[in-house]
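Student: Build the 3D model from these lines:
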Amino acid sequence: MSIVGKVTELVTDLLQSTDYWLYDVEQNASIVKITVDSSTGVTLDQLAEINRKISHALDEKDPIPNKYTLEVSSPGLERKLRTRDHFIGAVNERITVKLGPHVEGERRFGGVLKEVGDDLLSLENENTEKYEIKIEDITQAKTVFEWEKNPKPGKQSTKPKVPSNSK
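Tutor: Numbering: from 1, shown residues only. The predicted model follows:
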């Protein structure tokens with residue numbers, strides 16, 4: 001079993017009796033990144049506690065033979081979508097998708113994720129154009145958080161001011 005598989009199994013078991021779940025495990029050279037989530041989100045203090053528990057369990061079981069750096073985080077506002085389950089969790093959210101170089105034509109798409117099938121996902125852009133995209137063709141995908149625009153400081157509202165009770 002791969003290191004990612006061993007870590008996934010270990011962390012899934014560790015979090016089973018908690019309100020948290022494993023969102024993702026990635027290994028990039030000597031960095032092992034574990035992403036956890038809960039229905040109410042995860043605070044920094046909770047992440048620190050989870051990090052300590054995972055670190056202790058990894059030290060005990062020792063599934064990683066070489067030196068490594070452990071990173072434990074929440075998925076964040078703009079989270080990576082790497083698995084079919086990630087896509088299912090993002091239905092009705094705005095996402096961006098990048099397709100592999102083997103795909104002819106347009107390779108970048110953005111819009112609202114409408115549906116996730118076994119092999120395809122359905123995306124609708126702001127012009128209500130729908131796209132069917134093969135999940136296997138996706139090289140990168142993430143949710144997109146839409147920030148509200150605040151007026152610049154010093155800018156006046158374009159609405160006319162109505163005087164309050166004038167007597």
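Student: Spell out the residue ranges of the helices in the chain.
Tutor: In the chain, the segments counted as helices under DSSP state H are 3-15, 44-61, 84-89.
Student: among these, which is nearest residue 109?
Tutor: The closest of the helices of the chain to residue 109 is helix 84-89. By Cβ to Cβ, the value is 13.2 Å. No exception for glycine: its C-beta is placed from N, CA and C like everyone else's.
Student: Remind me what the closest one packs against, helices and strands.
Tutor: Secondary-structure packing of helix 84-89 (3 or more Cβ pairs under 8 Å, 6 or more residues apart in numbering; DSSP states H and E): strand 108-116.
Student: mean confidence score for the strand it packs on?
Tutor: What strand 108-116 shows for mean pLDDT is 95.
Student: Now do the contacts for the residue positioned nearest the centre of the chain.
Tutor: Centroid-nearest residue in the chain: residue 79, 1.9 Å away (criterion: Cα atoms, centre = their mean). Counting by Cβ atoms under 8 Å, 6 or more residues apart in numbering, residue 79 touches 23, 35, 86, 90, 142, 143.
Student: hang on, the third one packs against residue 24?
Tutor: Meaning residue 86. Yes. Residue 86 lies in contact with residue 24 (Cβ atoms under 8 Å); the separation is 7.5 Å.
Student: Please enumerate the shared neighbours of those two.
Tutor: Shared contacts of residue 86 and residue 24 (Cβ under 8 Å, 6+ apart): residue 80.
Student: Could you list the domains of this structure?
Tutor: The record's domain parsing of the chain by automatic domain parsing lists 3-73, 84-143.
Student: what about the strands in the chain?
Tutor: 20-28, 31-38, 69-73, 94-99, 108-116, 120-124, 130-134, 138-143 (DSSP state E).
Student: quick check: mean pLDDT across the fourth one?
Tutor: In this model, strand 94-99 has a mean pLDDT of 96.
Student: from the chain's centre, how far out does it sit?
Tutor: 12 Å (Cα atoms, centre = their mean, to the nearest Å).
Student: That strand: which residues count as buried?
Tutor: When burial is assessed from 16 or more other Cβ atoms under 10 Å, strand 94-99 yields the following buried residues: 94, 95, 96, 97, 99.
Student: I'd say the third one and residue 145 touch.
Tutor: No. With contacts counted by Cβ under 8 Å, residue 96 stays clear of residue 145, the gap being 11.3 Å.
Student: Which neighbours do the two have in common?
Tutor: By Cβ under 8 Å, 6+ apart, no residue touches both residue 96 and residue 145.
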